[in-house]
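Colleague: model this:
(chains A and B)
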2 protein chains.
Amino acid sequence: MNKQQLIENIKRKRSFLCVGLDTDIKKIPVHLLTEEDPIFAFNKAIIDATADLCIAYKPNLAFYESLGVKGWIAFEKTVKYLREVYPDQFIIADAKRGDIGNTSEMYARSFFDELDIDSVTVAPYMGEDSVKPFLIYPDKWVILLALTSNKGSQDFQLTADANGERLFEKVLRKSQEWADDQQMMYVVGATQGQAFEEIRRIVPDHFLLVPGVGAQGGSLAEVCKYGMNPSCGLIVNSSRAILYADNSERFSEAAREEAANVQQEMEQELKRFTI
Amino acid sequence: MNKQQLIENIKRKRSFLCVGLDTDIKKIPVHLLTEEDPIFAFNKAIIDATADLCIAYKPNLAFYESLGVKGWIAFEKTVKYLREVYPDQFIIADAKRGDIGNTSEMYARSFFDELDIDSVTVAPYMGEDSVKPFLIYPDKWVILLALTSNKGSQDFQLTADANGERLFEKVLRKSQEWADDQQMMYVVGATQGQAFEEIRRIVPDHFLLVPGVGAQGGSLAEVCKYGMNPSCGLIVNSSRAILYADNSERFSEAAREEAANVQQEMEQELKRFTI
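Modeller: So this is what the prediction gives:
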């Protein structure tokens, strides 16, 4: 999916919600455990209940890998289902990969070639040649970690160099030499508040993937105030608050209600801030 | 496996070689392609041919993930085979993971609980709470990226802060607050030469996992000269040079010869530098 298509989807659906598929076998409703593939059954129900309210889905690879082969099968089935039934959804493999060139090539092949996923989250620590193999696929995206939502983001990401440039700013600046806003996005945690203003000075046009609204405590209004640009420029993720809104047989209805609440708030923000 | 056991293995085998299982379906001998599981067949042959010459195996997750479910099955079979037939081998899941706490927990569960792997490589960008979930398992290890072997290591890892401390040094120092040398190792690329001296000043006792000898151009002699400590303190990885030493039906013999050459060189280095 290219940037223009993504913007069109946001306008049409009046939403920039991404539903994070952090599907944990220990948290899904017990009645699903008798299904042949409980993880996929849960994901399918969540997707069917929310697809008209969101523009992206973000399966978090850790949750699938932790189940071994079974988890990998559920992940692939989920991606295939999205591709077939909801082809306008932007799929993010939340994998936070990043390795030497020949290894990153293998990851890129896996996500983009084999699975036709739109984007993958990548960690910047290993630099240019760990990121570039993901950039040879047209209309596929790297979503680079910049300033994350967790407490540990303060350990290294905020370290300033001799000129006062902090590591996350250096990542934003340097990575613009590798790709532009048609192929690169950045992860910025919703808990980072006013840092969005500083980030927008460096990357005014890029899309930002924003986790941390909901369970992690970030505020959507604040993210929009400081982070939105005229073509929205935000994909805001919510995982646990939607997935586990209810633990009974009506879990998917509850998930829909939660997603609808977020979508309505997003619609208001889009009216306020975009042209 | 604890540190003392690892050191015993190194002494007994006079080797600190790790064979990297970067198994690429496109590079293995063609006669294996008729096997039911060519990747596992290749790994099994390589392991049987080299196990007495090395102390560790390092499957690189990307190579397995790129094959989807089939690859994941081959990965699990390889780990299980090692555990059953060569229980004294230290297994490294080269995954370079690192995510917010609840996600890192899932990865830790996957590698340590489900698969009983000894260690996992972790990227430090997201800080303390992305690393700590891996540290709650006794005798299991985090191998944290410090100074990697690739060209892109210069992009961020060498950036100095206002006090002149470079990012990789900050990672080495800060992470010692999270765990000691009984649970933490560091990745330092063999191409980094004299930087090993500076690294040893910060982490004199820790084991270092050293990729980059062989195909990537690092020198074993130089790594030992600057990086070895009295209890060895090095696990040196070779992947492609061993795996793909020969592409015919005698591939495993050729792999053994290559591994034996490295082991002999290591034996000499151990005599020179350790007590």
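Colleague: As a check, name the ranges of all helices in the stretch 151-275 of chain A.
Modeller: Read by DSSP state H, counting those that start in this stretch, the stretch 151-275 of chain A holds these helices, from start to end of the chain: A:153-156, A:167-175, A:195-202, A:220-227, A:240-243, A:251-273.
Colleague: Okay, angle between the fourth one and helix A:251-273 too, please.
Modeller: Pointing back at helix A:220-227 there. In this structure, helix A:220-227 runs at an angle of 40 degrees to helix A:251-273, with axes from the mean of the first three to the mean of the last three C-alpha atoms, to 10 degrees as the basis.
Colleague: What residues sit buried inside helix A:220-227?
Modeller: Residues of helix A:220-227 classed as buried under the neighbour-count rule (16 or more other C-beta atoms under 10 Å in any protein chain shown) are A:Leu220, A:Glu222, A:Val223, A:Cys224, A:Lys225, A:Tyr226, A:Gly227. All C-beta atoms are positioned from the backbone trio N, CA, C, and that covers glycine.
Colleague: And for the second one?
Modeller: For helix A:167-175, a neighbour-count test (16+ other C-beta under 10 Å) marks A:Leu167, A:Phe168, A:Glu169, A:Lys170, A:Val171, A:Leu172, A:Lys174, A:Ser175 as buried.
Colleague: just how off-centre is that helix within its chain?
Modeller: Mean-position distance between helix A:167-175 and its chain equals 19 Å (C-alpha atoms, centre = their mean, to the nearest Å).
Colleague: Now do that helix: which elements does it pack against?
Modeller: Under the contact criterion of 3 or more C-beta pairs under 8 Å, 6 or more residues apart in numbering or on different chains; DSSP states H and E, the helices and strands touching helix A:167-175 comprise strand A:141-147, strand A:184-188, helix A:195-202, helix B:153-156.
Colleague: any chance of these in TSV, with distance to B:Ala56 too?
Modeller: Listed next are the helices and strands packed on helix A:167-175 as TSV, based on distance: least, C-beta to C-beta, whole Å:
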stretch	distance to B:Ala56
strand A:141-147	29
strand A:184-188	33
helix A:195-202	41
helix B:153-156	22
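Colleague: Just put these in TSV and tack on distance to B:Thr78 and mean neighbour count.
Modeller: Compiled in TSV, the helices and strands packed on helix A:167-175 are given as follows (distance: least, C-beta to C-beta, whole Å; neighbours: other C-beta atoms under 10 Å in any protein chain shown):
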stretch	distance to B:Thr78	mean neighbour count
strand A:141-147	29	26
strand A:184-188	32	26
helix A:195-202	42	17
helix B:153-156	28	21
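Colleague: Go ahead and measure how far the strand or helix carrying A:Ala108 is from the middle of the chain.
Modeller: Taking DSSP states H and E as the criterion, A:Ala108 maps to helix A:101-108. Per C-alpha atoms, centre = their mean, the displacement of helix A:101-108 from the mean C-alpha position of its chain is 21 Å.
Colleague: Kindly report the same for stretch A:52-70.
Modeller: When C-alpha coordinates are averaged (C-alpha atoms, centre = their mean), stretch A:52-70 and its chain have centres 11 Å apart.
Colleague: about what we covered before: is it possible to get JSON lines of the helices of the stretch 151-275 of chain A that adds mean pLDDT?
Modeller: Rendered in JSON lines, the data for the helices of the stretch 151-275 of chain A read as follows (pLDDT from 0 to 100):
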{"stretch": "helix A:153-156", "mean pLDDT": "96"}
{"stretch": "helix A:167-175", "mean pLDDT": "97"}
{"stretch": "helix A:195-202", "mean pLDDT": "95"}
{"stretch": "helix A:220-227", "mean pLDDT": "94"}
{"stretch": "helix A:240-243", "mean pLDDT": "95"}
{"stretch": "helix A:251-273", "mean pLDDT": "96"}
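Colleague: Now these in CSV, please, with extra columns for distance to B:Phe273.
Modeller: Compiled in CSV, those are given as follows (distance: least, C-beta to C-beta, whole Å):
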stretch, distance to B:Phe273
helix A:153-156, 32
helix A:167-175, 35
helix A:195-202, 47
helix A:220-227, 53
helix A:240-243, 51
helix A:251-273, 60
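Colleague: Where does pLDDT dip in chain A?
Modeller: Judged by pLDDT under 70, chain A has its weakly predicted residues at A:215, A:275.
Colleague: returning to that earlier point: quick check: the two most widely separated of the buried residues of helix A:220-227?
Modeller: The most widely separated members of these are A:Leu220 and A:Tyr226, with 11.5 Å between them, by C-beta to C-beta.
Colleague: Would you mind getting the angle between the helix holding A:Ala108 and strand A:141-147?
Modeller: Orientation of helix A:101-108 against strand A:141-147 (the same axes, to 10 degrees) gives an angle of 110 degrees.
Colleague: Helix or strand next in line after helix A:101-108, which one?
Modeller: Criterion used, DSSP H and E; the element after helix A:101-108 is strand A:119-122.
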